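Colleague: Quick check, what structure comes out for this input:
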Amino acid sequence: MLIKVPCRLLFVVLFAAGVLFCGRQQRSAASEQPQQPAITAPFIRDHNRVCVDLELVKPDGSIRKVRAFVDMGDQHLAFTQAVANEVGTKNVRIRIAGTPVVYDGTKLTAYGVPGDSIMGGGEPGIEANFPATILMNYDVVFDYKARTMTLAAPGTIHHEGVRIPCRANPQTGLVSVDVKVGASTYAVTIDNGSAYTWIAKSVVQNWVNSHSDWLVGVGAIGNANMNGSTEEATALLARVPLISLGSLDLKMVGLAGYAMQLGKEDIFDWYSKKAPEKVVGFIGGNVLKSFRIEIDYANHETYWSQQSPIDAHDMDQVPLTLRPQPDGSYEVIGVFTGNGKKQVESIEPGDKLIKIGDLNIKAATFGTVLDALHGQPGDTRTLVLERNGKQFTVPAKVIRF
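Modeller: Below you'll find the predicted structure:
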């Protein structure tokens, strides 16, 4: 998931010149050609997240291809350590389908992380991310129906959809908007790096205390189960009948209320430091996947075209909270409770999930595993688990949430 914008004139001048400086005397990747055409690239959506293929130019001029996770909620450029060793972490030249990508190297920090994937959920083959500090140099379009991402020079897109004003942090590229629940308005970011919508647990608790008719439970399930952090087992899940985003009505939105400490700091206090302002959470992939979204960073505007209803059944699921393990299995770290009752019997935290029906999950992404546990309420999934070195089988039912 695991922020003021430079003026429009500055962006136009930079794109027309084709030059961005990294440091006092070093040129960034933007200088590869004088004018940048729009880039439209297909993306893969897995676990409600967006992944695109990049070409990294190595010091010897050869190309290292990687699959990257697009993250509007992060400002840093991350690689697996193996990729960082090949391409370096200074003045990294990035291309998409042969077209150089523009960014200001003075605002971008690159680093390597251990392991075969940069994803907290352990998704295999994701060797890099594509952060907001790159996106902010463009007019950006995420078309979830077509599964394409477009990067265009500022001012070159004819915008479509419902206009929603936004704020942007000029150093990190994170974007925030206002949403309304009941009579209260809250600032949240737009974060396609998050598989699900997260809101501070204290805020969600206040909402559910005032709405006894809402669906509520404890334990992150489905795509709300993002990476298997300990706090996901105690996340407060809710289905909100109406969230207003400008003139848009977002109906039956699932969200997860989290309370998490990062050192001595609350996660949303930490997150707010890279956002444009104090925020209570972020709109994640469970909402974004229903839209075509345009972000005009230079003019502080977003545009939303709804392509499908928000999925009010996206957490109809065998109700387990999982954590990916190094051997490819998944540890059960929580069993969802609704109305104060544990919703699946015979499975305990600490059990290891080995198989779902015919799916051997060791070669599967986290998104594939969660999809296999999804279904119609009352459906049965045959699970193979392991406890104390012994395997056992449990028929587990999909619940309605």
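Colleague: Quantify the burial of T337 by counting its neighbouring residues.
Modeller: 16 (other C-beta atoms under 10 Å). All C-beta atoms are positioned from the backbone trio N, CA, C, and that covers glycine.
Colleague: hang on, it packs against G219?
Modeller: Yes. With contact defined as C-beta atoms under 8 Å, T337 reaches G219; the gap is 6.3 Å.
Colleague: List the residues that contact the residue most central in space within the chain.
Modeller: Note on the chain: the residue nearest the mean C-alpha position is G193, at 1.8 Å, using C-alpha atoms, centre = their mean. Contacts for G193 (C-beta atoms under 8 Å, 6 or more residues apart in numbering) come out as M1, L2, R49, F69, V70, D71, M72, G73, D74, N129.
Colleague: okay, the residue lying closest to it once chain neighbours are set aside: pLDDT?
Modeller: Of all residues not flanking G193 in the chain, D71 sits nearest, at 3.2 Å (C-beta to C-beta, 6 or more residues apart in numbering). Per-residue pLDDT puts D71 at 98.
Colleague: quick one on the thing from earlier: wait, which of the contacts of G193 is closest to T106?
Modeller: T106 lies nearest to D74 out of those, by C-beta to C-beta, at 17.3 Å.
Colleague: Just the element for that closest one, please.
Modeller: In the assignment (DSSP states H and E), D74 maps to no helix and no strand.
Colleague: didn't it look like it was pressed against A128?
Modeller: No. Counting by C-beta under 8 Å, D74 stays clear of A128, with 11.7 Å between them.
Colleague: who's more crowded, those two?
Modeller: A128 (26 against 22).
Colleague: Torsion angles phi and psi at the residue nearest to G193?
Modeller: phi -130, psi 100 (degrees, to the nearest 10).
Colleague: before we move on, what about the one 10 residues further on?
Modeller: Here the main-chain torsion angles of Q81 (degrees, to the nearest 10) amount to phi -60, psi -30.
Colleague: Check the gap between it and K65 for me.
Modeller: In this view, Q81 and K65 are 17 Å apart by C-beta to C-beta, to the nearest Å.
Colleague: Please say which of those two ends up with more neighbours.
Modeller: Using other C-beta under 10 Å as the criterion, Q81 and K65 rank with Q81 on top: 15 against 10.
Colleague: Just give the nearest non-adjacent residue to the more buried one, would you?
Modeller: Of all residues not flanking Q81 in the chain, G112 sits nearest, at 3.8 Å (C-beta to C-beta, 6+ apart).
Colleague: burial measure for the one you found, as a count.
Modeller: Residues within reach of G112, counting by other C-beta under 10 Å, total 17.
Colleague: name the element it belongs to?
Modeller: Assessed by DSSP H and E, G112 sits inside strand 110-113.
Colleague: State the pLDDT value of the residue of the chain most remote from its centre.
Modeller: Most distant from the centre of the chain: K390, at 35.7 Å, with distances by C-alpha atoms, centre = their mean. On pLDDT, K390 comes in at 97.
Colleague: beta partners for it?
Modeller: On the basis of DSSP bridges, K390 is bridged to R387.
Colleague: ok so, going back, what is the strand holding G112 packed up against?
Modeller: strand 77-80, helix 81-87 (3 or more C-beta pairs under 8 Å, 6 or more residues apart in numbering; DSSP states H and E).
Colleague: Quick check: which ranges of the stretch 201-350 of the chain have low pLDDT?
Modeller: Within the stretch 201-350 of the chain, no range satisfies pLDDT under 70.
Colleague: And the strands in it?
Modeller: Remark: strands assigned in the stretch 201-350 of the chain by DSSP state E, counting those that start in this stretch are 215-218, 236-245, 248-258, 261-262, 265-266, 281-283, 291-296, 301-306, 320-324, 330-335, 337-338, 341-342.
Colleague: Out of the ones you listed, indicate the one that is most buried.
Modeller: strand 281-283 (a mean of 27; mean count of other C-beta atoms under 10 Å).
Colleague: which other residues reach that strand?
Modeller: By C-beta under 8 Å, 6+ apart, strand 281-283 touches 73, 177, 179, 186, 188-191, 194, 197-200, 203, 245, 255, 268, 271.
Colleague: Kindly recompute the last result at 10 Å.
Modeller: 1, 72-73, 174-177, 179, 186-194, 196-201, 203-204, 243, 245, 250, 253, 255-258, 267-268, 271, 275, 293 (C-beta atoms under 10 Å, 6 or more residues apart in numbering).
Colleague: That one: how far from the chain's middle?
Modeller: Centre-to-centre, strand 281-283 and its host chain are 10 Å apart (C-alpha atoms, centre = their mean, to the nearest Å).
Colleague: Strand partners (parallel or antiparallel) of it?
Modeller: Sheet pairing here is set by DSSP bridges, and for strand 281-283 it gives strand 184-190 (parallel), strand 198-200 (antiparallel).
Colleague: can you pull the pLDDT of L135?
Modeller: 98.
Colleague: So V70, which state does it fall into?
Modeller: Secondary structure, DSSP: H, G, I helix; E, B strand; the rest coil: V70 is strand.
Colleague: thinking again about what came up before, of all the strands of the stretch 201-350 of the chain, which lies closest to H374?
Modeller: Of all these, strand 320-324 sits nearest to H374, with 11.7 Å by C-beta to C-beta.
Colleague: so how far is that closest one from its chain's centroid?
Modeller: From the chain centre to the centre of strand 320-324 is a distance of 18 Å (C-alpha atoms, centre = their mean).
Colleague: what helices or strands is that strand leaning on?
Modeller: Identification of packing neighbours for strand 320-324 by 3 or more C-beta pairs under 10 Å, 6 or more residues apart in numbering; DSSP states H and E yields strand 330-335, strand 352-356, helix 366-373.
Colleague: who does the closest residue to F142 other than its chain neighbours bridge with?
Modeller: Spatial nearest neighbour of F142, chain neighbours left out: I293 (4.9 Å); criterion: C-beta to C-beta, 6+ apart. Beta bridges link I293 to F142, W304, judged by DSSP bridges.
Colleague: contacting residues for I293?
Modeller: The contact partners of I293, by C-beta under 10 Å, 6+ apart, come to 72, 140-144, 161, 164, 190, 192, 283, 287, 302-305.
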